[in-house]
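K.L.:
How does the following fold in three dimensions:
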Amino acid sequence: MADPALSRIAWAEVETAEPAAIVAAELVLLRDQLARTAATSDFYRTRWAEAGIDATRVASLDDLARLPFTEKHDLQAAQAARAPFGTNQAAPADRLVRMQATGGTTGKPLRMAMTRADIAVYDEVGARAAWAAGLRPGDILFECMNYALYAGGVNDHGTFETVGACVAPVGVGQSRRLLEILSDLGAPAALYSTPSYALHLAAVARDEGREPGDLRLVRGLFSGDAGLANPTYRAEIEDTWGMVARSIYGTGETAPVAAECDAADGLHWMGQDAFLPEFIDPETGDALAPADGLTAELVMTTLRREAHPLIRFRTHDRVRLATERCSCGRTSLRFHVLGRGDDMFIVRGINVFPLAVAAIVDEFRPLLSGEFRIVLDEPPPLVAPPRLLVEASPGAAPDELAHVADALTTRIRGVLVFNPAVEVVPPGTFPRSEQKTRRVLRAWMGEG
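P.N.:
This next block holds a predicted model:
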């Protein structure tokens, strides 16, 4: 478990404190973060001056809503304005000890640096999330995320070591070597990867004549995409490996700030005293009070970051809140991820998320494999029906498949209230990836 001395709020308080106690402590941290950011970040100092706002006078959490949002494209512009890390570099170069990169809106990576204190905060918060997801000291964990600049590689590796687990840095492209190690290990182990990689690894194992369930991967910690939000997908992973599969949520710009416990009833917020969550109306930007069942966009503000503070950073992730106490005893709010706003598409005024499409496609197993792609051939507003390519399962009879497209179209029209142009494609059309699976392809932008 993480060293409680790293935290301004003790570990036990994070697990069980009443939310009001956390809020009081976070207000002090917020004031400190805003004052420090105003003094050290040219990016925010300029933004706040242009908005006519003195951020150092924020006296309550409600006051925070007066500050402008931060978008990824804002940070991209700040990076272009000043090499190497942009005008939001708020710590001197001789205190920067790590660089990470996240996807940028212009195709260039967004570079962010970290001080040793920033790494300690990341490790602490990520360790809380991993602990909630079931990782314990003494566990062996194989991390199969990209270590090449991506935050989920070396950064998340540190969080698992902070828990006390023994972490193997597998990375990507090493599936066969990993299977050899698992076959020879002689002990239970855990996996950290994207959900889609778990099924990819199982397919590679079977190609080699190995049965996944015999390899003793007993727990999976998954991040990178929201596949576990689909109950059928989760069940397939768990049944294939004989494992417990739990989700960890974070963004490349922040940290792993939430995770499922073994109740698997939503993601517990674990970012207390390091990241302040807000919930907004994604269309108007208005702040919304947390309430059970509320659907909103998650916005985050760093509370203890030195190198690259983020104030009201829009994740564009749509979430549904659960505020009642979980059966596990944790007191923090929980949420379910509905999808990313930039993955959502609109058909004749109807908001459609890929996760909702996935749930319906899964109803047509075993005729369909469950793999699909949504292809948008034109920019919004969509006039033509979006194409939905669904993959047939190996061995599915042609006469049975002949009726799948019409039945799937009818089902989607009835539940999601839009008409897709469904096409059944042959088995194996969509490769199982070690990376995050992209479900929506914007063909008009050259994707696909």
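
K.L.:
Can you list the buried residues in stretch 187-195?
P.N.:
189, 190, 191, 192, 193, 194, 195 (16 or more other C-beta atoms under 10 Å). Every residue, glycine included, has its C-beta placed from N, CA and C.

K.L.:
ugh, wrong one, I meant stretch 141-153
P.N.:
Applying 16+ other C-beta under 10 Å to stretch 141-153 flags 141, 142, 143, 144, 145, 146, 147, 150, 151, 152, 153 as buried.

K.L.:
Mind picking the two most distant members of those residues?
P.N.:
Farthest-apart pair in the buried residues of stretch 141-153 is 142 and 151; separation 18.5 Å (C-beta to C-beta).

K.L.:
Using the record's assignment, carve this protein into domains.
P.N.:
Domain ranges of the chain: 1-340, 345-445, per automatic domain parsing.

K.L.:
Just put the ones you listed in JSON lines and tack on mean pLDDT.
P.N.:
Shown next, in JSON lines, are the domains of the chain (pLDDT from 0 to 100):
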{"stretch": "domain 1-340", "mean pLDDT": "90"}
{"stretch": "domain 345-445", "mean pLDDT": "84"}
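
K.L.:
what's the most buried one of the ones you listed?
P.N.:
Mean neighbours per residue, mean count of other C-beta atoms under 10 Å, is largest over those for domain 1-340, with a mean of 19.

K.L.:
what about that domain, distance to the chain center?
P.N.:
Here the centre of domain 1-340 is set off from its chain's centre by 7 Å, with C-alpha atoms, centre = their mean, to the nearest Å.

K.L.:
Numbering from 23 from now on, please.
P.N.:
New numbering, starting at 23: the last item is domain 23-362.

K.L.:
Next secondary structure after the longest helix anywhere in the chain?
P.N.:
Secondary structure of the chain per DSSP state H: the longest helix is helix 41-62. Downstream of helix 41-62, the next assigned helix or strand under DSSP states H and E is helix 64-72.

K.L.:
What is that following helix packed up against?
P.N.:
Judged by 3 or more C-beta pairs under 8 Å, 6 or more residues apart in numbering; DSSP states H and E, helix 64-72 is in contact with helix 41-62, helix 94-103.

K.L.:
In CSV, list the C-alpha atoms belonging to it.
P.N.:
Extracted in CSV, the C-alpha atoms of helix 64-72 (Å, rounded to 0.1, in the frame of the first residue of the first chain):
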residue,chain,number,x,y,z
ASP,A,64,2.6,32.0,-18.0
PHE,A,65,-0.2,30.0,-19.7
TYR,A,66,-2.7,30.3,-16.9
ARG,A,67,-1.6,33.8,-15.8
THR,A,68,-2.3,35.1,-19.3
ARG,A,69,-5.7,33.2,-19.6
TRP,A,70,-6.9,34.4,-16.3
ALA,A,71,-5.8,38.0,-17.0
GLU,A,72,-7.6,37.9,-20.3
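
K.L.:
Which residues does it contact?
P.N.:
Helix 64-72 is contacted from outside by 59-60, 76-77, 89-90, 96-97, 100, 104, 108-110, 331, 333, using C-beta atoms under 8 Å, 6 or more residues apart in numbering.

K.L.:
Which strands and helices lie in contact with whichever helix or strand residue 225 is part of?
P.N.:
Under the criterion of DSSP H and E, residue 225 resides in helix 217-229. In terms of contacts (3+ C-beta pairs under 8 Å, 6+ apart), helix 217-229 is packed against helix 197-207, strand 211-215, strand 239-244, helix 253-263, strand 266-272.

K.L.:
I'm done for today, thanks for sticking with me.
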